[in-house]
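Trainee: Predicted model and sequence follow; I will ask about them next.
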Amino acid sequence: MSEIIGASALLIGAFFMFVASLGLVRLPDVYTRMHAATKATTFGMGGILIATSLAFQDAEITTQSLLALVFLFLTAPTSAHLIARAAYKNGPDLSSRTTIDEYGPYLQEMKAGEADGPSHHAGTENSGTIPDNR
Amino acid sequence: MIQTAVQIALWVLAFSIALSFYRLAKGPTVPDRVVAADNIATNLTGLFALFAIQTGEKLFIIAVVALTILSFVATAVYAKFLERGKIIE
Amino acid sequence: MPLATLALSIAMIWLLMRGDAAPGNFFVGLILAFILILFLRRTYGQERSFRRWSDIVRFIFYFTWELIVANLQVLRIVLSPRLHIRPGIIAFRTECKTPLSVTSLANSITLTPGTLSVDYRMTIPPSLFTPSISRSPIKCARASGAAWKNP
């Protein structure tokens, strides 16, 4: 029984990894591609790691694959977020299908704010942390 | 039965990596290539997990954990480089 | 999470990685945890994260369901012969006030249907920028602001 569940989890996982790559090829711009890649690869790896823990039937392997899964769920959205912001600041390159963009005006506003006076909040330069002056 | 599933999954992941390589080679912008490289890294961790099932070798699972963390660090550093043009400030 | 709990959980993670619950391994984990905390103490803010454990459990179930829905949606979009997408970037106002809750919200937004978080603005209330793959999730994201009020 567990073998059937393991095999189907494995196949579903691999299929979603494939869907992620297909989305990477088919979708029109970086943000939508990232959208497909992040969600589907995370889900796919979830399936594959569940299959490994079912295939080994071993406490050590189960905890280690759970650990890998938790790391993946924490890191995949974070790296997508970092790349998305870097991509927008590097030149938006939005696809022609884009209907609405509220991020560009915000960046303009930020730039105007910085040009007005010396930046008195150095904390905002630090991308990884959230500034204290909230 | 699970070995057959592993064989099929290996082929599927191989095709998936090939598609990602297409985006890596063609990708009009640099962030496209970074996303493709990140996707290839995740697919590689999937391959490691599949090898672990196929060979019964437990060490591959540790490799999965390490590779997950490593691919995140690589992508984060690349994003930082894209945003500021330098890595260590 | 107080620092002692953090040190203990880092030691636990070390034990899980080693896969061998010997006392020696646990002490090595504790020493590693103290070294890590010594270096990273300044970037680590102490705050109360969750009020009740039942909230975490409910969140995990909700999140798993949304993850499955999100993947079926990606499947439908990618495999349909013509792309029916109208992506956009919207500013989305949240009620989350602490850094940890904003971070977890941003991460969950990326993994739940139709959206991906781009940037945050840490004013009160903070807003997250989320490109949506079609316009209907925009309404969904705005509506979920209410659902996210008390995570």
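Mentor: Looks like it came in fine.
Trainee: quick one: is the helix or strand encompassing C:Ile89 near chain B?
Mentor: Taking DSSP states H and E as the criterion, the element that holds C:Ile89 is strand C:88-93. No: Strand C:88-93 does not reach chain B (Cβ under 8 Å from any Cβ of the partner chain); its nearest approach is 14.8 Å. Placement of C-beta: from N, CA and C, glycine included.
Trainee: Give me the helices and strands touching that strand, please.
Mentor: Other helices and strands packing on strand C:88-93, by 3 or more Cβ pairs under 8 Å, 6 or more residues apart in numbering or on different chains; DSSP states H and E, are strand A:100-101, helix A:103-116, strand C:127-132, helix C:136-147.
Trainee: how near is A:Phe56 to B:Phe51?
Mentor: In this structure, A:Phe56 lies at 13 Å from B:Phe51, with Cβ to Cβ, to the nearest Å as the measure.
Trainee: Settle it for me: which of the two has more neighbours?
Mentor: A:Phe56 (19 against 16; other Cβ atoms under 10 Å in any protein chain shown).
Trainee: okay, the closest residue to chain B within chain C: pLDDT?
Mentor: In chain C, the residue that lies nearest chain B is C:Met17 (6.7 Å; Cβ to the nearest Cβ). Looking at C:Met17, its pLDDT is 73.
Trainee: Please identify which helix or strand holds it.
Mentor: helix C:3-18.
Trainee: which residues are contacting that helix?
Mentor: Contacts of helix C:3-18 from elsewhere in the structure, counted by Cβ atoms under 8 Å, 6 or more residues apart in numbering or on different chains, are A:63-64, A:66-67, B:62, B:65, C:1, C:21, C:25-26, C:28-30, C:32-34, C:36-37, C:41, C:44, C:46.
Trainee: rerun that using 10 Å as the cut-off
Mentor: Residues from elsewhere that reach helix C:3-18 (Cβ atoms under 10 Å, 6 or more residues apart in numbering or on different chains): A:60, A:62-64, A:66-68, A:70-71, B:62, B:65-66, C:1-2, C:21-22, C:24-37, C:40-41, C:44, C:46.
Trainee: Name the next helix or strand downstream of it, please.
Mentor: As the chain continues past helix C:3-18, the following element, by DSSP H and E, is helix C:23-40.
Trainee: Quick check: mean pLDDT of that following helix?
Mentor: Taken as a whole, helix C:23-40 carries a mean pLDDT of 83.
Trainee: got the angle between it and helix C:3-18?
Mentor: Interaxial angle of helix C:23-40 relative to helix C:3-18 (axes from the mean of the first three to the mean of the last three Cα atoms, to 10 degrees): 130 degrees.
Trainee: what helices or strands is whatever helix or strand comes next after helix C:23-40 leaning on?
Mentor: On the C-terminal side of helix C:23-40, the closest following helix or strand by DSSP H and E is helix C:53-79. Contacts of helix C:53-79 with other secondary structure elements, assessed using 3 or more Cβ pairs under 10 Å, 6 or more residues apart in numbering or on different chains; DSSP states H and E, are made with helix A:2-26, helix A:30-56, helix C:99-111, helix C:136-147.
Trainee: Quick one: list the elements packing against the first one.
Mentor: Of the remaining helices and strands, those touching helix A:2-26 by 3+ Cβ pairs under 10 Å, 6+ apart are helix A:30-56, helix B:2-26, helix B:30-55, helix C:53-79.
Trainee: just those: most buried one?
Mentor: Mean neighbour counts were compared across the helices and strands packed on helix A:2-26 using mean count of other Cβ atoms under 10 Å in any protein chain shown; the top stretch is helix A:30-56, at a mean of 26.
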